[in-house]
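> got a structure for you, letters missing:
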């Protein structure tokens with residue numbers, strides 16, 4: 001094995017380095033960050049033979065173009081229905097191939113999905129912050145955003161030809177517009193008719209989104225009581241409602257505390273597929289009981305684990 005050098009010839013917005021995130025630091029005001037679609041991120045790494053949480057490149061609908069300037073490096077792409085153009089040959093995402101010196105790689109949005117992941121065979125030489133290479137979008141701390149003209153070094157890079165080929169795209173990786181939620185914890189601030197409106201919709205994804213969250217277009221669900229709640233911890237998947245009555249689903253880089261009421265919380269196992277929706281796509285919330293949510297989460301975890309275990313083994 002030897003090092004490889006990749007030149008970034010184009011990088012769209014929100015293209016950054018992510019790893020498994022930095023959990024356990026929210027009590028210090030530090031978001032967990034990490035990939036928007038955690039299943040696709042792990043699939044790209046494991047299909048290539050990397051650790052599931054190894055640093056990889058998160059690519060938005062803005063796309064990414066690279067040129068291999070030296071060395072040989074295998075790569076895996078997973079997430080969404082993106083189009084991969086490797087040295088003039090086009091294929092879909094969810095695949096493993098090998099990039100050689102002089103070859104170009106372009107990843108662009110296809111028919112579906114908003115995020116995909118590029119994992120590389122070797123060690124991506126990027127800075128860390130608080131023990132993680134995940135990029136916090138607002139501060140830029142971590143591995144960082146990719147910009148045109150940048151060069152990336154991959155240590156111990158090499159070809160993993162035995163792993164080349166398609167990666168199975170599981171059903172749960174497809175965009176999910178029906179989101180299961182548990183109500184609360186602040187539904188007391190909302191009139192019963194407002195709760196009904198929230199669960200009836202219709203809701204639509206808007207273009208007002210980033211790694212912190214996405215604003216939805218739908219019925220006005222402004223709180224109808226005096227807000228006397230103190231600022232409190234927030235989790236990924238919280239559906240937060242400000243005084244303007246707009247619902248916002250909080251995502252990977254969400255703030256650690258907040259004082260706006262949360263009308264509901266999206267089940268964590270639905271969030272990976274939710275972030276693959278695009279602006280204009282419909283969204284529907286369906287309430288489940290806490291006990292039902294536990295059963296759904298356990299079933300989803302078993303399915304995801306079985307899928308990832310199946311793609312760990314090489315084809316050779």
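Done, it's in. Just so you know, these numbers come straight off a predicted model, no measurement behind them.

> secondary structure element for the nearest residue to residue 212 once chain neighbours are set aside?
In space, residue 212 comes closest to residue 253 once its chain neighbours are excluded; the distance is 4.7 Å by Cβ to Cβ, 6 or more residues apart in numbering. Bear in mind the C-beta positions are built from the backbone N, C-alpha and C, glycine included. Assigned by DSSP states H and E, residue 253 belongs to no helix or strand.

> neighbours around residue 253, how many?
22 (other Cβ atoms under 10 Å).

> swap in residue 155?
Neighbour count of residue 155, defined by other Cβ under 10 Å: 12.

> surely it meets residue 120?
No: contact criterion Cβ atoms under 8 Å: residue 155 and residue 120 do not qualify, at 10.3 Å.

> for the nearest residue to residue 56 once chain neighbours are set aside, give me its contacts.
The shortest distance from residue 56 to any non-neighbouring residue, by Cβ to Cβ, 6+ apart, is to residue 119 (4.2 Å). Shown in contact with residue 119 (Cβ atoms under 8 Å, 6 or more residues apart in numbering): 44, 45, 47, 48, 50, 54, 56, 57, 75, 76, 77, 78.

> doesn't residue 98 belong to a strand?
Yes: assessed with DSSP: H, G, I helix; E, B strand; the rest coil, residue 98 lies in a strand.

> give the contact list for it.
Neighbouring residues of residue 98 by Cβ under 8 Å, 6+ apart: 72, 73, 74, 75, 159, 160, 161, 164.

> am I right that residue 194 sits in a helix?
Yes: per three-state DSSP, residue 194 lies within a helix segment.

> wait, it touches residue 221, no?
Yes: the pair residue 194 / residue 221 is scored as a contact, 4.9 Å apart, by Cβ under 8 Å.

> quick revisit: got a ChimeraX select line for the buried ones in the contacts of residue 119?
Remark: buried members of these, expressed as a ChimeraX selection using 16 or more other Cβ atoms under 10 Å:
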select :44,45,47,48,50,54,56,57,75,76,77,78
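
> who touches the strand ranked longest in the chain?
In terms of residue count, the longest strand belonging to the chain (DSSP state E) is strand 2-11. Under the criterion Cβ under 8 Å, 6+ apart, residues 62-73, 99, 104, 120, 122, 145-158 lie in contact with strand 2-11.

> any stretches of the stretch 151-300 of the chain with poor pLDDT?
Where the stretch 151-300 of the chain drops to pLDDT under 70, the residues are 225-228.

> for the residue positioned nearest the centre of the chain, helix, strand, or coil?
For the chain, the residue nearest the mean C-alpha position is residue 36 (1.4 Å; Cα atoms, centre = their mean). Secondary structure for residue 36, judged by three-state DSSP, is coil.
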